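Engineer: dropping a prediction and its sequence here:
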Amino acid sequence: MKATGAEVKAVSVKLSGAGRSQEAPDKGSPDETCPNNQREYLSPPPVRSGQQPSPVWSFLKRFTPVNAKGHNIECFVELAQTDGSYRPCGCTIKWGGPSSGTANLLTHLKRHPAEHQLCLEQSKHSARAREKMTIPAIHSDDTTTNKSLIPGACLHAFLSQQPPAEVDLGDCEEDRFVTLSQLQHQQPTFPVEEAFRNCGGTRSGKIINDPVHGHMYFPGLVVDAIDTPQVQRLRELKQLGTAYYVFPGASHNRFEHSLGTCHLATNMFEALKRSSGKCGSACLDHVDKISIQLAGLCHDLGHGPFSHVFDNEFLPRRYSNWDRKNPLWNHEVMSANMFEWMVDENHIDIGEDVVKRVRGLITSEDSNAITGKRFLWDIVANKRNSVDVDKFDYLMRDSHNAGVKGSADISRLVSFMKVIDDEICFKASEVHNVYELFHTRASLHQKVYTHRKAKAIEYMSFYLVCSDPVSRVVDALTEADVIWDNEISSAIWNTEQFIKLDDSLLKRIEWSAEPQLKHARALVRRIRSRDLYHYVNEYAVPEEDILNFKPVTEVSISSCQGHNRIPGGLKPNDIIVQNMKIDYAMKDKNPVDSVKFFQDYTDENSFHIDKSKVSALLPSSFIERKVRVFSKNRDPVYIEAVEEAFLNHQRKMYRTAQQLTPARKRLRNR
């Protein structure tokens, strides 16, 4: 039977006599096997904009109903041969439709191992095809999910009770993983799935609509964690801190980011489980999945007010022995402590072993990782190469809300991965996409996270010039911390006190009545009226000086001042210097050198790809340093004096001006 791509022949199978099939009439002719003569295509799962569903869905069709009671579905497919003909095959499967608790035929097969196994036994694929399919046996006591989904043409044979003609699987393997990416969004009916898997929790599962990821499902145990004061506190922490004052759309909080990270962690876990063969099916269990979900949800519980500014600016000023390279405290460990306290305080039904595992997943502490499951520690916080779902979500979410487009296709990355030697690896064709991931991160740092106006507001929130005899510079929060008897700085050692800290501290200072905070209140009101510190200029440190770069201080700039009209001259307290570093997440190293790849989905060995083999257009350096200067006083006399001192400093250091724009052009446009 010859046919073109547009000609599709319908084939049915009799209910009696497994393995015997007969050809049904063409469309439009009566069909004795199907009384109601209703013929339809199985609907493909939802796909993202710009993508196409896998070709496998064009071959899956069904007659419904098969009998008067409507309890059976007669499924059949047609195999496209290399010569352009179509070979019929099919089998009868008992399925009551979505009302029976499974959303589609493939889900039904996952839930009924006996029928699944019968189909496998009756499939008469060649030995080569069976080897390529790598479908593990499904045991009757395993009722969670089937061990792998079936790729393109292999799925046709999987449903077949007749031996198909010679099938070339050379192009099926990639289709398998494209299908996996699409099917991961077509989960079973959520409440039915939860009851079937006994996910636990005092609440039922919840579906949340997210502007970035769409509908996200969380099982009852995760909902128990979401509905706690510890997680709800994240609603009061802006994800981008003071950048919200520059990008009005960036009003999202760490709460949404934590939900998105949990959702992506679930998707990656399921994708790796499907693509990992025997390891994915036999080694991973529901405890692994709930641990990954909780780690994704709770990985940011330890963030303080204004996000990273709290760690990098406030705490070093409150503790004289603070070492920035080896700090006394970090938000990752605090997140783990907050999670443990959350479980105890809210009586969440989680075992001690799960609590310890989630702590390790949050802090990337894998010393107790089980062999064969070490890759799980790379899903939420990947210390090998920094490719993890935390980064996936904040890049997607921050780009979306700030209106700054990213170039990385993160959905594709999740689709083209598998586990080899207990490590997450990506298909070699995605090497450009991995580079784009880190390029997008660096781009967001340049355009959003270190935006000059956002940094000015940040410094205004944390700096204050007092008109006392020594004209000292103090931190606004430090002043409040002193007035409030170290309430802020000491809270980092106590989870029950730390939960009280959020971005509302700024309002608390603004509307305080303490006379000692009058200068802090004045600064907050300057922020409200957009009377910000003035950005003067910046320069990029030459590449050869980056590794040995020494931070520039306010004294370094003020000591280079020339003649100016400021009474008493320019003082260090009139200036703010920002020493900015932007990299590809691993300092001066290329993070892609730590990423492993594979060529074909049947490969059992991974490899690194040298940058020189990818493209000559890739960066030669993976770190940059810039020096910015702000004037606290917006008087043109002060701005001109700061700019002249900054220019003299550059000439002293590099014998030439390195700054971004000429002084006179900037002053004219001020």
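Structural biologist: Okay, I see it.

Engineer: buried stuff in stretch 406-422?
Structural biologist: 406, 408-420, 422 (16 or more other Cβ atoms under 10 Å). Placement of C-beta: from N, CA and C, glycine included.

Engineer: quote the end-to-end distance of it.
Structural biologist: For stretch 406-422, the first-to-last residue distance is 30 Å (Cα to Cα, to the nearest Å).

Engineer: now do stretch 220-238
Structural biologist: Chord length of stretch 220-238, first to last residue, is 27 Å (Cα to Cα).

Engineer: and stretch 585-595, by the same measure?
Structural biologist: Stretch 585-595 has an end-to-end distance of 13 Å (Cα to Cα).

Engineer: show me where the stretch 501-650 of the chain has its strands.
Structural biologist: 534-540, 575-583, 596-598, 623-631 (DSSP state E, counting those that start in this stretch).

Engineer: tell me what the third one is packed against?
Structural biologist: In this structure, strand 596-598 makes packing contacts with strand 417-420, strand 423-427, judged by 3 or more Cβ pairs under 8 Å, 6 or more residues apart in numbering; DSSP states H and E.

Engineer: and if you look at the last one?
Structural biologist: Other elements packing on strand 623-631 under the criterion 3+ Cβ pairs under 8 Å, 6+ apart are helix 452-462, strand 534-540, strand 575-583, helix 636-654.

Engineer: for those, could you give me a markdown table that also reports distance to E365, mean pLDDT and mean neighbour count?
Structural biologist: Output for the helices and strands packed on strand 623-631, formatted as a markdown table (distance: least, Cβ to Cβ, whole Å; pLDDT from 0 to 100; neighbours: other Cβ atoms under 10 Å):
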| stretch | distance to E365 | mean pLDDT | mean neighbour count |
| --- | --- | --- | --- |
| helix 452-462 | 31 | 84 | 21 |
| strand 534-540 | 37 | 94 | 21 |
| strand 575-583 | 24 | 93 | 19 |
| helix 636-654 | 42 | 93 | 19 |
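
Engineer: out of those, which is closest to R384?
Structural biologist: Nearest to R384, of all the helices and strands packed on strand 623-631, is strand 575-583, at 16.5 Å by Cβ to Cβ.

Engineer: could you list every helix and strand in contact with that closest one?
Structural biologist: If you count contacts as 3+ Cβ pairs under 8 Å, 6+ apart, strand 575-583 packs onto helix 452-462, helix 554-558, strand 623-631.

Engineer: list the buried residues in the second one.
Structural biologist: What that stands for is helix 554-558. 554, 556-558.

Engineer: hmm, back to that, who wins for proximity to A402 among the strands of the stretch 501-650 of the chain?
Structural biologist: strand 575-583 (16.3 Å).

Engineer: and the residue nearest to P316 when sequence neighbours are not counted, what are its phi and psi?
Structural biologist: Excluding its sequence neighbours, the residue lying closest to P316 (Cβ to Cβ, 6 or more residues apart in numbering) is W322, at 4.3 Å. Torsion angles at W322 (phi, psi; degrees, to the nearest 10) stand at phi -70, psi 130.

Engineer: try S606
Structural biologist: Dihedral angles (degrees, to the nearest 10) for S606: phi -110, psi 170.

Engineer: dump the helices and strands packed on strand 596-598 to JSON lines, plus distance to D545.
Structural biologist: As requested, these are arranged in JSON lines below (distance: least, Cβ to Cβ, whole Å):
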{"stretch": "strand 417-420", "distance to D545": "38"}
{"stretch": "strand 423-427", "distance to D545": "34"}
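
Engineer: I'd like these as a markdown table, with distance to V595 and mean pLDDT appended.
Structural biologist: Putting the helices and strands packed on strand 596-598 into a markdown table (distance: least, Cβ to Cβ, whole Å; pLDDT from 0 to 100) gives the following:
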| stretch | distance to V595 | mean pLDDT |
| --- | --- | --- |
| strand 417-420 | 10 | 93 |
| strand 423-427 | 7 | 95 |
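
Engineer: now for the ones you listed, which one comes closest to P305?
Structural biologist: So among those, strand 423-427 is nearest, using Cβ to Cβ, at 33.9 Å.

Engineer: what lines up beside the closest one in the sheet?
Structural biologist: Here strand 423-427 is paired, per DSSP bridges, with strand 417-420 (antiparallel), strand 596-598 (parallel).
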